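> here is a sequence with its predicted model. Questions after.
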Amino acid sequence: MDSIYDNMSPEIAEELQQTAKVIYETREHRRVVLARAGAADEATLLARIADGTLGEHPAYERYLAARILDDTCEAARAALAARLKEVNR
């Protein structure tokens, strides 16, 4: 199987690997934050805060952390896709 990095300079390959690492780490940290709050996703966590099932603190901070991690992951995915498109022209 060919590596996606075979036709790239080492600098570009390193850049893409670092971006992929950010995607992985933010996704995994989001899972941990949500698991600690006992929620599958941000919407569930926010609903539990709103209905009083969970106390506002630290649940709201966990909600914000999960949202920021998800936003960061999606931004890194978009950046990676754009860079791969650019490199593969």
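That came in fine, so what should we check first? Numbering: from 1, shown residues only.
> all helices of this protein, in order?
Taking DSSP state H as the test, the helices found in the chain are 10-37, 42-50, 56-87.
> let's have the ones you listed in JSON lines, adding mean pLDDT, mean neighbour count and distance to residue 3.
(C-beta placed from N, C-alpha, C; glycine too.) Converted to JSON lines, the helices of the chain look like this (pLDDT from 0 to 100; neighbours: other C-beta atoms under 10 Å; distance: least, C-beta to C-beta, whole Å):
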{"stretch": "helix 10-37", "mean pLDDT": "97", "mean neighbour count": "15", "distance to residue 3": "9"}
{"stretch": "helix 42-50", "mean pLDDT": "98", "mean neighbour count": "16", "distance to residue 3": "35"}
{"stretch": "helix 56-87", "mean pLDDT": "97", "mean neighbour count": "15", "distance to residue 3": "13"}
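> CSV for the ones you listed, including distance to residue 4?
Below are these laid out as CSV (distance: least, C-beta to C-beta, whole Å):
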stretch, distance to residue 4
helix 10-37, 8
helix 42-50, 31
helix 56-87, 8
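> which residue packs closest to the residue nearest the centre of the chain, ignoring adjacent ones?
Centroid-nearest residue in the chain, with C-alpha atoms, centre = their mean: residue 73, separated by 2.8 Å. Nearest non-adjacent residue to residue 73, counting by C-beta to C-beta, 6 or more residues apart in numbering: residue 26, 4.1 Å away.
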